[in-house]
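Enquirer: After the sequence you'll find the predicted model.
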Amino acid sequence: MNLARNDSDPLYRQIADQIGYAIATGRLAHGAKLPPLREAQGRWGVHLHTVRRAYLELRDRGMVTIGRHGAVVLSGSPLREPDSLRDALAQFLAMVRREYGAGATDIAGELARQATERPVVAIVECSLTLATSIGAQVAAAWQVQPIPRLVHAPIPPDEPAVTTYFHRVELRSHTPCAFVRIAPSLAMIREVVARVHRSPWGRIIVCETDPGFAERLVSDICSLAGGKPSVTHRTPSDINRFLTHGDVHALKLVSPRHWDSLDPMLRQRPDVMALQYVVSPPDLDALGGHFGWRPATPSSPA
């Protein structure tokens, strides 16, 4: 008998629940005798009145009969379906007490911990800069703890992962995993256009390793800027050298992968700016249902 002495549930009910569970699951068969009051008192370390009240509780539930020969089990039928939430919780509590020695207070504490605990999710990308940015967006929408990880770095087998469709081949065998689409940030593009209009720069150079992304970004900037200034894209093999010796009259937009290896001093230059990408809103919304996450609230820290 596992009794939680400091639990809010009284001892007689804990005893009745555990015996009732044993009867319902067939561990105590029809006709089996429960220990006499004084024997049970000594065996379970409780007051005689506590044992008597537990047996009366079982009698009231229709599970035992009490007569000259003590308490005798009336039914050893399989565990019945609970009629209410309270009934289901009583069965669950009895099982937990019997198997783990935990009481209602222990369970309430564990439920409270799980309700506030943020599950870990790996944000997998070829750039830690991009992984960190995507992780911040995921944490702003869902109550999770994002862990930026590089592609090909080991991921714990049971750790959920989020990555872009570019890496679906590398992560196709990892479960659970969700894939999202990303696009250049519209707010960033507007900031670029406004910054160029306020500055002496006559050109914009997009330093992006993915040609498709670069062409889309060039098109979006040209559309918002009305064709001025001119916008081109480059895929430099050495980003630090390119920026150190490149065109000083152009604003350089640097991709996340290039930004990872960029010299800190170059990051501070006014003509150098990090490219920013955002997760597709429908894909971001779908993550919660995919993994069973709780939505973030305005007061929840990211």
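Expert: Received the coordinates, thanks.
Enquirer: make it CA atoms for all contacts and neighbour counts henceforth
Expert: OK.
Enquirer: contacts for the helix or strand hosting residue 99?
Expert: Assessed by DSSP states H and E, residue 99 sits inside helix 85-100. Helix 85-100 has contacts (CA atoms under 8 Å, 6 or more residues apart in numbering) with 1-4, 14, 17-18, 20-21, 81-82, 102-104.
Enquirer: Strands of the stretch 101-250 of the chain, start to end?
Expert: For the stretch 101-250 of the chain, strands defined by DSSP state E, counting those that start in this stretch occupy the ranges 120-125, 145-150, 161-164, 177-180, 182-184, 203-207, 230-234, 250-254.
Enquirer: buried residues in the second one?
Expert: Residues of strand 145-150 classed as buried: 145-150 (neighbour count, 16 or more other CA atoms under 10 Å).
Enquirer: Summarise which helices and strands it is packed against.
Expert: Where contact means 3 or more CA pairs under 8 Å, 6 or more residues apart in numbering; DSSP states H and E, strand 145-150 is packed against strand 120-125, helix 128-141.
Enquirer: Can you show me the CA trace of the first one as CSV?
Expert: Included here for strand 120-125 are C-alpha records, laid out as CSV according to Å, rounded to 0.1, in the frame of the first residue of the first chain:
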residue,chain,number,x,y,z
VAL,A,120,12.5,22.0,-26.7
VAL,A,121,12.5,22.2,-30.5
ALA,A,122,15.5,22.1,-32.8
ILE,A,123,15.6,24.8,-35.5
VAL,A,124,17.9,23.3,-38.1
GLU,A,125,19.5,25.4,-40.8
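Enquirer: Quick check: buried residues in that strand?
Expert: By 16+ other CA under 10 Å, the buried positions in strand 120-125 come out as 121-125.
Enquirer: quick one: buried residues of stretch 254-264?
Expert: In stretch 254-264, counting by 16+ other CA under 10 Å, buried: 254-259, 262.
Enquirer: Please enumerate the helices of the stretch 201-302 of the chain.
Expert: Using DSSP state H, counting those that start in this stretch, the helices found in the stretch 201-302 of the chain span residues 211-225, 239-245, 256-260, 264-267, 281-291.
Enquirer: tell me the most buried of those helices?
Expert: When those are scored by mean count of other CA atoms under 10 Å, the highest mean neighbour count falls to helix 256-260 (a mean of 20).
Enquirer: Who are the contact partners of residue 134?
Expert: Listed by CA under 8 Å, 6+ apart, the contact partners of residue 134 are 123, 278-279.
Enquirer: In CSV: the residues you listed, plus pLDDT and distance to residue 54.
Expert: Putting these into CSV (pLDDT from 0 to 100; distance: CA to CA, whole Å) gives the following:
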residue, pLDDT, distance to residue 54
123, 95, 53
278, 95, 61
279, 96, 58
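Enquirer: Dump the residues you listed into JSON lines; add distance to residue 213 as well.
Expert: Below are the contacts of residue 134 laid out as JSON lines (distance: CA to CA, whole Å):
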{"residue": "123", "distance to residue 213": "20"}
{"residue": "278", "distance to residue 213": "13"}
{"residue": "279", "distance to residue 213": "14"}
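Enquirer: okay, and for this protein, where does confidence drop off?
Expert: In the predicted model of the chain, residues 75-82, 98, 113-116, 225-228, 298-302 satisfy pLDDT under 70.
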